[in-house]
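J.: give me a model of this one.
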Amino acid sequence: SLTALGVYAQTRKKVYADYHGIRTTRELDGSFNQWKYASLTSGTSNGPKSITYNPDIILENGRREIAAASYPLVGVQSQYDPDYLEYQILSAKASKIDGFWIEWGYIDHSSNILLKAMQPIAERYGFEVGVNICDAWLFANDWITSVRPEINTREKKKEYFKECIQYLINNVFTGKTTPSVNGNPVLYLFGGGINPNEMEWIENQTYNYPSGTTFPVILKRVTPTGSITNNNYIPGSPLNAASQWVNTSIMPTSWMPERRRKGTPTSSFPTYDYYALGSDAVAYLEGFKNEIWTDASYAVRSGFVAPGMDNIGCANWSDANAIFYKIARNNGDTYRNMWKYNVDNKDKLDMVYIGSWSDYTEGHEIEPTIENGDRELRTTLQYAALFKNEQADDSGIGLPKILFEQRKRLAFCFKFDKNISSIGSQLSIAGLRIAEGRYSEASSILTETEASIKTIEQGIRKNEFRIENDKLTIAGNSSNPSQGEYILDGSRFGIGL
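T.: The predicted structure follows:
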């Protein structure tokens, strides 16, 4: 069996959510990053042969065209925006989520900028920030050479990965936002990059540990291969899937449930290549319960939940290997039933990992959306409370959105009245009260600030200009207005009235 670290000793159970990015906005950052996506998808059998999502396009419903199956309740925002990060962190805390684990590549990757942007806000609100190391970004690609051209061999990538571990020890596993389970710092390793021999070498290296810090427990994604027998999904073996890692200390951990059912014209999801039923998602966990969760010698045993999946936004991030996947949410029942399975086995678990908070592109986000509202947050709160043996109070679920919207309105008002900083201070106090679970106090503050902001808004004069389409022309280097085609490049473009 795999090497086990420590013995089972439960202190406080934890709930963490995977945090996918990076999504930005043109207004704040100059581009939309992963809100946009375009690719040929020749590999699919059932889906479209190309997909294009351009957030610069405003659809008839007023929403931007984003690479996602669902639309965020607060609209398209930048993950570098501290107000948005505050909204997400407070929404998660109100749902009894202990922290986000950012999908992180390496020190010189843009995900590290996001990590550093999130940490001070998380510290302010008593929230943890960890990492899901996407090691394929370093080992299976040469992206690193664009910023560090000298890291151009497998051996040099391995040495650099060691630097990354030391960086995480110093900056993630030390301090007030450290993700800790049973007293152990913990990280998730997504896989597909580093191999078992390289990981064994990494674990045997010497590191400098700040006081009280140790080498992190590594939860490693494993993907057992199951089967469909008599129309029933039979889960595969996690230990078999992790057999090559036997000489490392990794903890085999679940990720998204397997999609083994093939889409056909008469199947439940004919435009998808493969799909899973909600019952399959629960059955997928059985292999982990039987082989991993019941082994109390593991230092950290993690359950897993997901709301569903719909990767219409990316089709497996590929052209030749494009695959459209679907796990239906079933009005929230898929998520509820996975949570129930984890809670029913909570005596065997130290934590639950949610996949994910913000993966809109693959369609398994739990962040509130227009389509699903805050349903997933309320489910998280209900079952996370049961998992932790705590009380659930849903009166705080909607407060972070109110706070976020008031911050944005106040920022607009500040352009006209600079003497309103005291309202911003009140909003910051409201945020602290939400984080403390003092929802009634936070609500009272937000009621007062709402009245103050409205008073300022009423004093702002607004002029609206309406222009008929035939009075609006676009000038560019070349154009074909009859087809609605314009090429805007260089300096010779603009809008003429």
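J.: can you list contacts of the longest helix seen in the chain?
T.: When the chain is parsed with DSSP state H, its longest helix is helix 439-458. Outside of helix 439-458, the residues that reach it under the criterion C-beta atoms under 8 Å, 6 or more residues apart in numbering are 94, 393, 395-396, 399, 402-403, 406, 409-410, 413, 416-417, 420, 423, 426-427, 429-431, 433-434. (C-beta placed from N, C-alpha, C; glycine too.)
J.: go again with 6 Å.
T.: Surrounding helix 439-458, the residues in contact under the criterion C-beta atoms under 6 Å, 6 or more residues apart in numbering are 395-396, 399, 402, 406, 409-410, 413, 417, 423, 426-427, 430, 433-434.
J.: from these, which is closest to V172?
T.: When the contacts of helix 439-458 are ranked by distance to V172 (C-beta to C-beta), I434 comes first, at 24.6 Å.
J.: quick one: contacts for the closest one?
T.: In this structure, I434 makes contact with 90, 396, 399, 442, judged by C-beta under 6 Å, 6+ apart.
J.: show me what contacts Y335?
T.: Residues in contact with Y335 (C-beta under 6 Å, 6+ apart) are 307, 376, 379.
J.: what's the farthest-apart pair in the contacts of helix 439-458?
T.: Spanning the widest gap among those are S395 and D417, at 32.0 Å by C-beta to C-beta.
J.: helices along the stretch 101-250 of the chain, start to end?
T.: Ranges of helices in the stretch 101-250 of the chain, per DSSP state H, counting those that start in this stretch, are 110-124, 136-139, 154-171, 196-203, 238-241.
J.: how about the ones you listed in TSV, adding distance to A451, mean pLDDT and mean neighbour count?
T.: Below are those laid out as TSV (distance: least, C-beta to C-beta, whole Å; pLDDT from 0 to 100; neighbours: other C-beta atoms under 10 Å):
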stretch	distance to A451	mean pLDDT	mean neighbour count
helix 110-124	26	98	18
helix 136-139	48	98	19
helix 154-171	42	98	17
helix 196-203	56	97	17
helix 238-241	55	96	18
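J.: quick check: N171 vs T213, distance?
T.: In this structure, N171 lies at 11 Å from T213, with C-beta to C-beta, to the nearest Å as the measure.
J.: whoops, N182 was the one
T.: When C-beta to C-beta is the yardstick, N182 and T213 sit 15 Å from each other.
J.: with S237 instead?
T.: With C-beta to C-beta as the criterion, S237 and T213 are 34 Å apart.
J.: same check on G191?
T.: For G191, the distance to T213 equals 24 Å [C-beta to C-beta].
J.: compare these two (neighbour count), which wins?
T.: When G191 and T213 are compared for neighbours, G191 comes out ahead with 20 against 17, by other C-beta atoms under 10 Å.
J.: was I right to think that one contacts V222?
T.: No. Checked against C-beta atoms under 6 Å, the pair G191 and V222 is beyond contact range at 7.8 Å.
J.: one step back: between the contacts of Y335, which has the most around it?
T.: Tallying neighbours with other C-beta under 10 Å puts P307 at the head of the contacts of Y335, with 27 neighbours.
J.: so the residue lying closest to that one once chain neighbours are set aside, which state does it fall into?
T.: If the residues on either side of it in the chain are set aside, P307 comes closest to Y335, at 4.1 Å by C-beta to C-beta, 6 or more residues apart in numbering. Three-state secondary structure (criterion: DSSP: H, G, I helix; E, B strand; the rest coil) places Y335 in helix.
J.: P307 against E365, yeah?
T.: No. When contacts are counted by C-beta under 6 Å, P307 is not listed as touching E365 (7.4 Å).
J.: was I right about Y84 contacting V74?
T.: No. Shown here, Y84 and V74 do not form a contact pair, counting by C-beta under 6 Å, at 7.5 Å.
J.: how far off centre is stretch 392-400?
T.: Remark: stretch 392-400 is offset 21 Å from the chain centroid, using C-alpha atoms, centre = their mean, to the nearest Å.
J.: would you mark the buried spots in it?
T.: Buried residues in stretch 392-400, counted by 16 or more other C-beta atoms under 10 Å: 396-400.
J.: list the buried residues of the longest helix of the chain.
T.: Applying 16+ other C-beta under 10 Å to helix 439-458 flags 439, 442-443, 445-446, 449, 452-453, 456 as buried.
J.: what segments of the stretch 251-400 of the chain are helices?
T.: In the stretch 251-400 of the chain, the segments counted as helices under DSSP H, counting those that start in this stretch are 278-288, 333-344, 375-388, 399-413.
J.: what's the angle from the last one to helix 439-458?
T.: Relative orientation of helix 399-413 and helix 439-458, computed by axes from the mean of the first three to the mean of the last three C-alpha atoms, to 10 degrees: 20 degrees.
J.: show me what helix 399-413 is packed up against.
T.: Using 3 or more C-beta pairs under 6 Å, 6 or more residues apart in numbering; DSSP states H and E as the contact test, the elements touching helix 399-413 are helix 82-94, helix 421-435, helix 439-458.
J.: over to the shortest one?
T.: The elements that helix 278-288 packs onto, with contact taken as 3+ C-beta pairs under 6 Å, 6+ apart, are helix 333-344.
J.: then the helix it packs on to CSV, C-alphas only?
T.: Coordinates of each C-alpha in helix 333-344 appear next as CSV, following Å, rounded to 0.1, in the frame of the first residue of the first chain:
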residue,chain,number,x,y,z
ASP,A,333,-29.7,17.1,-6.4
THR,A,334,-26.4,15.9,-7.8
TYR,A,335,-24.6,18.3,-5.4
ARG,A,336,-26.9,17.5,-2.5
ASN,A,337,-26.5,13.7,-2.9
MET,A,338,-22.7,13.9,-3.1
TRP,A,339,-22.7,16.0,0.0
LYS,A,340,-25.0,13.6,1.8
TYR,A,341,-22.7,10.7,0.9
ASN,A,342,-19.7,12.6,2.5
VAL,A,343,-21.7,13.5,5.6
ASP,A,344,-22.9,9.9,6.0
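J.: any idea how far it is from the middle of the chain?
T.: 20 Å.
J.: same question for that helix, mean pLDDT?
T.: Mean pLDDT, helix 333-344: 98.
J.: repeat that for stretch 226-235.
T.: The model assigns stretch 226-235 a mean pLDDT of 97.
J.: now stretch 378-389
T.: Computed over stretch 378-389, the average pLDDT equals 98.
J.: where does the stretch 301-450 of the chain dip in pLDDT?
T.: Along the stretch 301-450 of the chain, segments meeting pLDDT under 70 are nowhere present.
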